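Colleague: This is a predicted model, with the sequence first.
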Amino acid sequence: MSRKNQRYSKEFKAEAVRTVLENQLSISEGASVMLPTY
């Protein structure tokens, strides 16, 4: 049971990091487009 939870948490952390990195990339890419609107 604990091994399953550890494996799940590892996969979950990897997915979370990937999502955060993708969000940061999209934000940095869209910054030049989004900033003038404000």
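Modeller: That came in fine, so what should we check first? Predicted, not measured: the structure shown is a model, and the values here were computed from it.

Colleague: Name the spans of this protein whose pLDDT lies under the cut-off.
Modeller: Flagging of the chain using pLDDT under 70 yields the residue ranges 1, 30-38.

Colleague: ok, which stretches of it are strands?
Modeller: Taking DSSP state E to define them, one finds no strands in the chain.

Colleague: can you count the residues close to residue 3?
Modeller: Counted with other C-beta atoms under 10 Å, residues neighbouring residue 3 total 7. Placement of C-beta: from N, CA and C, glycine included.

Colleague: Distance-wise, check it relative to residue 17.
Modeller: Distance, residue 3 to residue 17, by C-beta to C-beta, to the nearest Å: 21 Å.

Colleague: Please apply the same query to residue 2.
Modeller: 22 Å.

Colleague: Settle it for me: which of the two has more neighbours?
Modeller: residue 17 (10 against 6).

Colleague: ok, now how distant is that one from residue 26?
Modeller: Using C-beta to C-beta, we find residue 17 at a distance of 15 Å from residue 26.

Colleague: repeat for residue 6
Modeller: 31 Å.

Colleague: Do a quick rundown of the helices in the chain.
Modeller: Ranges of helices in the chain, per DSSP state H, are 2-34.

Colleague: Give me the distance between stretch 12-28 and the centre of its chain.
Modeller: 2 Å (C-alpha atoms, centre = their mean, to the nearest Å).

Colleague: And for stretch 2-12?
Modeller: Relative to its chain's centre, stretch 2-12 lies at 18 Å (C-alpha atoms, centre = their mean).
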